[in-house]
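In: let's see this in three dimensions:
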Amino acid sequence: MTGEAVLIAAFSARALAASARRAGYRPLVVDCFGDSDTVALAEASRCLPARVQVGFTFRPLLAALEELASASPSPPVGLVLGAGFECNPRLVATLGERFTLIGNDAETIRRVKDPQQFFSVLDDIGIPHPETRLDAPEDTAGWLMKRIGGSGGLHIHTCPAKPRPDKRRYFQRRTAGEPISLMGLVSEKSAAFAASRQWVSPLARRAFRYGGAAGSLPLDEDLEARLIDMSLAVSDALKLCGIVSFDFLVNDGEPSLLEVNPRPGATLDVFDDKAGTLFKAHVEAARGGDPAALLASDWHPPIARAAAFLYADRGPFTAGAVNWPDWSADRPRPGSSIGAGQPVATVMAEGDDIDVVQDTCVRRLGALETLLYDTSNEQGARL
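Out: The predicted model follows:
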């Protein structure tokens with residue numbers, strides 16, 4: 001146990017806070033939900049509103065981080081950013097002037113999430129990807145429209161016949177294939193990777209909304225080597241650091257790269273172990289160390305684990321006092337108002353077979369949904 005304090009900011013910071021706590025750090029957390037387990041894991045925490053499309057507002061975020069840092073018995077070793085910052089590299093740059101960033105800096109994030117720069121880099125190093133453009137094609141059939149810096153799949157839409165001009169969007173030809181994601185832990189000295197498969201939880205107008213992920217995904221040796229080689233080439237070209245993810249589509253054995261997320265993501269829940277080794281390796285990478293060596297000696301992830309998001313798709317409700325199953329996380333505090341379609345909680349399953357744990361995870365989503373809505377209705381009836 002280091003006992004060192006570390007700042008964490010993300011839309012939802014529970015997974016990072018849990019990994020940091022397991023690794024022996026004292027997490028100081030800012031996120032948008034303030035879930036009960038996040039608050040319990042954190043040494044101290046602040047809950048701030050933020051919107052998926054634009055992220056955090058600078059002044060409240062900076063004030064919250066500085067308040068947490070100043071109240072900490074020891075200076076935080078740095079700031080770890082999760083989801084919520086890809087759309088605003090300028091905010092990351094400003095935070096980097098005040099805190100030591102543990103992970104990718106603002107310039108790296110800007111290059112990764114700017115489609116013109118990112119796909120130009122892929123072309124330069126020979127990485128296949130779907131046809132991508134900034135202006136809408138004349139014939140939009142078979143095209144997707146994506147928001148720059150978006151996450152969670154909510155920013156992806158089937159391209160309308162006549163999209164309105166919007167500098168925040170770009171267009172990508174829809175491509176068939178199996179979605180495979182590599183979680184990478186990269187630094188100037190080394191890299192290590194783990195594969196997962198992901199699935200969507202679609203709505204009528206949100207066909208690509210993120211559903212969940214399961215790993216470790218066994219891959220054909222040749223395909224695995226190609227995916228790793230491609231990820232290494234991109235990491236070197238963009239100077240990536242720490243935990244990142246590479247999202248591929250594989251069609252008839254041929255991979256193409258869709259995007260890179262330059263920060264810890266949802267698969268942290270899938271691949272972390274009881275010692276928080278992924279968080280330790282993320283910090284090690286930021287310090288210029290050798291994360292692959294740390295993983296090789298200390299990382300003991302489960303054979304198979306799945307994690308999925310439960311959304312309030314049966315309508316808005318007020319969270320009740322729930323006897324939460326031990327396979328659930330991101331637990332809203334009693335009295336929290338959950339809007340229709342909003343994320344409610346995370347469900348997990350673990351075992352020896354990836355197909356079995358994914359099926360178990362999906363069944364648990366239904367069980368937890370019933371529990372939460374029934375509890376909410378019971379409390380409403382008592383009132």
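
In: which residue is the nearest non-sequential neighbour of the most centrally placed residue in the chain?
Out: With distances taken as CA atoms, centre = their mean, G265 lies nearest the centre of the chain, 2.3 Å away. Nearest residue to G265 in three dimensions, chain neighbours excluded: S245, at 5.0 Å (CB to CB, 6 or more residues apart in numbering). The way it works is simple: take the backbone N, C-alpha and C, and place the C-beta from them, glycine included.

In: which parts of the strand or helix carrying that neighbour are buried?
Out: Assigned by DSSP states H and E, S245 falls within strand 242-251. Residues of strand 242-251 classed as buried: G242, I243, V244, S245, F246, F248, L249, V250 (neighbour count, 16 or more other CB atoms under 10 Å).

In: likewise for stretch 276-293?
Out: 276-286, 289, 291-292.

In: just these now: which is nearest A307?
Out: Looking at these and their distance to A307, the nearest is L278, at 13.6 Å (CB to CB).

In: hang on, L16 in a helix?
Out: Yes - secondary structure of L16 (DSSP: H, G, I helix; E, B strand; the rest coil): part of a helix.

In: who are the packing partners of the helix or strand harbouring D269?
Out: Taking DSSP H and E as the definition, D269 sits inside helix 268-271. In terms of contacts (3 or more CB pairs under 8 Å, 6 or more residues apart in numbering; DSSP states H and E), helix 268-271 is packed against helix 14-22, strand 178-186, strand 191-200, strand 210-215, strand 304-311.

In: for the last one, buried residues please.
Out: The neighbour-count check on strand 304-311 (16+ other CB under 10 Å) flags A304, R305, A306, A307, A308, F309, L310, Y311 as buried.

In: report how many residues lie close to the nearest residue to the second one once chain neighbours are set aside.
Out: Taking CB to CB, 6+ apart, and ignoring the residues beside it in sequence, R305 has E350 as its nearest neighbour in space, at 4.6 Å. As a burial measure, E350 scores 16 neighbours (other CB atoms under 10 Å).

In: quick check: angle from the strand or helix carrying E350 to strand 304-311?
Out: For E350, the element it lies in under DSSP H and E is strand 343-351. For strand 343-351 against strand 304-311, the angle by axes from the mean of the first three to the mean of the last three CA atoms, to 10 degrees is 160 degrees.

In: show me what strand 343-351 is packed against.
Out: Counting by 3+ CB pairs under 8 Å, 6+ apart, strand 343-351 packs on strand 304-311, strand 328-329, helix 354-382.

In: could I get the ones you listed as a markdown table with distance to R26 and mean pLDDT?
Out: Putting the helices and strands packed on strand 343-351 into a markdown table (distance: least, CB to CB, whole Å; pLDDT from 0 to 100) gives the following:
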| stretch | distance to R26 | mean pLDDT |
| --- | --- | --- |
| strand 304-311 | 24 | 98 |
| strand 328-329 | 20 | 98 |
| helix 354-382 | 30 | 86 |
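
In: these: which one's closest to V77?
Out: Smallest distance to V77 across the helices and strands packed on strand 343-351 (CB to CB): 24.8 Å, for strand 328-329.

In: next SSE downstream of the closest one?
Out: Taking DSSP H and E, what comes next after strand 328-329 is strand 337-338.

In: closest one of the buried residues of stretch 276-293 to G96?
Out: Nearest to G96 among the buried residues of stretch 276-293: A286, at 11.9 Å, using CB to CB.

In: from D114, how far out is that closest one?
Out: Distance from A286 to D114, counting by CB to CB, to the nearest Å: 22 Å.

In: for A20, same thing?
Out: Noted for A20: a distance of 30 Å to D114, by CB to CB.

In: those two: who's more crowded?
Out: A direct count of neighbours by other CB under 10 Å for A20 and D114 places A20 higher, at 30 against 17.

In: which one is that one nearest to, not counting chain neighbours?
Out: P27 is the one closest to A20 (CB to CB, 6+ apart), at 4.3 Å.

In: okay, and the beta partners of that neighbour?
Out: Beta-bridge pairing of P27 under DSSP bridges involves V6.

In: follow-up on the earlier one: in a markdown table: the helices and strands packed on helix 268-271, plus distance to L81.
Out: A markdown table is the format used below for the helices and strands packed on helix 268-271 (distance: least, CB to CB, whole Å):
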| stretch | distance to L81 |
| --- | --- |
| helix 14-22 | 9 |
| strand 178-186 | 16 |
| strand 191-200 | 20 |
| strand 210-215 | 19 |
| strand 304-311 | 20 |
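
In: sorry, back to before: thought the residue nearest to G265 was touching L258?
Out: No - using CB atoms under 8 Å, S245 makes no contact with L258, being 10.7 Å away.

In: before we move on, the earlier item: quick one: the residue nearest to the centre of the chain from S196, how far?
Out: G265 sits 10 Å away from S196, going by CB to CB.

In: which neighbours do those two share?
Out: M183 (CB atoms under 8 Å, 6 or more residues apart in numbering).

In: can I get the helix or strand where Q117 lies in PDB? Just the C-alpha atoms.
Out: Per DSSP H and E: Q117 is located in helix 115-125. Only the C-alpha atoms of helix 115-125 are listed here, as PDB (Å, rounded to 0.1, in the frame of the first residue of the first chain):
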ATOM      1  CA  PRO A 115     -10.700  12.800 -37.300                       C
ATOM      2  CA  GLN A 116      -8.700  14.700 -39.900                       C
ATOM      3  CA  GLN A 117      -5.400  14.200 -38.000                       C
ATOM      4  CA  PHE A 118      -6.200  10.700 -36.700                       C
ATOM      5  CA  PHE A 119      -7.100   9.100 -40.000                       C
ATOM      6  CA  SER A 120      -4.300  10.900 -41.800                       C
ATOM      7  CA  VAL A 121      -1.900   9.300 -39.300                       C
ATOM      8  CA  LEU A 122      -3.500   5.900 -40.000                       C
ATOM      9  CA  ASP A 123      -3.000   6.400 -43.700                       C
ATOM     10  CA  ASP A 124       0.600   7.400 -43.300                       C
ATOM     11  CA  ILE A 125       1.500   4.200 -41.300                       C
END
